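Trainee: One predicted model, sequence on top.
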Amino acid sequence: MFGLTETQEIFQREIRAFARKELAPLADKRAKLDHMPADIMQKLADMGLFGMCLPEKYGGVESDWVSMGIAIEELARVDTASALMLIPAKITGIALQFGTEQARADWLPGIIQGKKIPTLAITEPDCGSDAAAMRTRAIKKGDKYIISGEKTSITNGMQGDVSLVFAKTDPTAGARGVSCLLVPLDLPGVSRSLFEDMGWRQANRASLFFDEVAVPTSYLVGEENRGFQLAMQQFDFARIGLSLTGLGMAQESLENAITYASQRTAFGRPLAEFEAIAFKIAEDATLLEAGRLLCYRALSMRDQGLTHTKETAMCKWWVPKISLDAIHNALLIHGHLGYSDEYPVERRMRDAVGLEIADGPAEVMKLVIARELIGRQFAPR
C-alpha cells in the first residue's frame, strides 16, 4: 500500500505554500506570454527544484523520485508552465550522467541554477513516436559531429539554451544507429520557428533546424549508436511527470468546482445539492485519486530501482484522459464563467489537451503496455 512519509508530507506542504505565494498571483497573466520569465526560473531554482535527484557536485540536492513528483503536482495546481519546466531539466540532468565530465561541468550548474533552459529534441516532422525512423544525421569528422536535420514540437524550443538532440550516426542500423548529442543552441547553423499553440504558450514549442552544426565529440551523451535506448529511459520519468502535471491541474479545478457549487444557487438551492453535480464531483474525485496512486506507485518503483516502463505507460495513457475530463466537468459546473479566460479552469483545459499528445499519445502507450505484458513478439503492430 502506498503512502507518503512524514518527510514527504512536510515537503508537500512547503511546495504548496511556495506555489500559492510565489506563483499563483500572476499565473493567469503569465500564461499569455510566449516565454518563461527569468524571475520565475530563479524562484524555482532557489527552492532547489531544478537540482532534485541530481549530483551535489554541480549544485544538485539528494532527493527521491516520489518527492520530485510531489513538486510537479503541486506546482501544476497553480502554474502549469512551472511544473513543465522541471521535466526537461530533470531529463537532461539524468542523461548527462551518461555524458562526459566536460559536458556536465559546462551545463549542469547552469541548469540547476535556473539560468540555462534545456530541451529534448527527438520528434521530427515525419516521425513522432516512431523515433527510430528519424532522418536527422550526425556525421563524425575529427573531433566534431556535424548535425543536419529538423526537429519539431520541441518544448522550450524558442527559449532553450541547449538541447539533447537524437540523430542517426549509422543510418543503416535503424534504432541501433541513433546517438544523443548535447547541442548548444547558439551554435552557427541553428535556427528556430515558433508554433502558435492553444495552450502551453510559455513552453514556446518550436521547430529546430540544424544546418551542418558542428558539435564537439565531448558532447556525445552515452555511447555512439546507443542513443535510442537512452531516449527510452528518459521517457519513463517524462511520462509520469506529464501525468502528474495533469493531475495537479485537475485537482485544483475540482476543488474550485466544489467551492463554486457550494456557493452558487439555482432554483433556490446550492448547485452541490443537485445529484447531477454532486455525482460528477464524486466520480472525478475517485478517478483522480486512482490516477494519483498509479503515478506515485510508478515513482516509488523508480526509487527502488525497479523496472517501471509498463506502469509509466499506464499513467500516460489514462491519467491525462481523466484529468482532462475532470477539468472539463469543472468548467461546465462553472457554466458561462468557466468559459471565460478570467477563470483559470479555461486555461487549464487548453493546457490539458497538450498532455494527451506530448511524449506519446494513448495509442502508443497501450502498445507499450501490451508489449510489456504479452511480449514484443505477440503485441499488436
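Mentor: Yes, it's here.

Trainee: Next, the buried residues of the longest helix seen in the chain.
Mentor: The single longest helix within the chain, with elements called by DSSP state H, is helix 227-263. Buried residues in helix 227-263, counting neighbours by 16 or more other CB atoms under 10 Å, are found at 227-228, 230-231, 234-254, 256-258, 260-261. The way it works is simple: take the backbone N, C-alpha and C, and place the C-beta from them, glycine included.

Trainee: Could you list every helix and strand in contact with that helix?
Mentor: helix 65-78, helix 80-96, strand 162-168, strand 178-184, strand 269-270, helix 275-303, helix 309-334, helix 344-355 (3 or more CB pairs under 8 Å, 6 or more residues apart in numbering; DSSP states H and E).

Trainee: would you turn the ones you listed into TSV with distance to T152, mean neighbour count and mean pLDDT?
Mentor: Listed next are the helices and strands packed on helix 227-263 as TSV, based on distance: least, CB to CB, whole Å; neighbours: other CB atoms under 10 Å; pLDDT from 0 to 100:
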stretch	distance to T152	mean neighbour count	mean pLDDT
helix 65-78	25	25	97
helix 80-96	16	24	94
strand 162-168	12	26	95
strand 178-184	15	25	95
strand 269-270	48	12	96
helix 275-303	28	18	97
helix 309-334	20	23	97
helix 344-355	14	23	95
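
Trainee: Spit out the contact partners of E224.
Mentor: Contacts here follow CB atoms under 8 Å, 6 or more residues apart in numbering; on that basis E224 touches 140, 169, 179.

Trainee: now stretch 126-146, how far from the chain's geometric center?
Mentor: Distance of stretch 126-146 from its chain centroid, counting by CA atoms, centre = their mean, to the nearest Å, is 23 Å.

Trainee: Now do it: distance from first to last residue.
Mentor: Using CA to CA, to the nearest Å, the end-to-end distance of stretch 126-146 comes to 21 Å.

Trainee: Pipe the helices and strands packed on helix 227-263 into TSV and attach distance to E212 per row.
Mentor: Putting the helices and strands packed on helix 227-263 into TSV (distance: least, CB to CB, whole Å) gives the following:
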stretch	distance to E212
helix 65-78	37
helix 80-96	24
strand 162-168	12
strand 178-184	12
strand 269-270	65
helix 275-303	39
helix 309-334	36
helix 344-355	32
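
Trainee: now for those, which one comes closest to D39?
Mentor: The closest of the helices and strands packed on helix 227-263 to D39 is helix 80-96. By CB to CB, the value is 11.7 Å.
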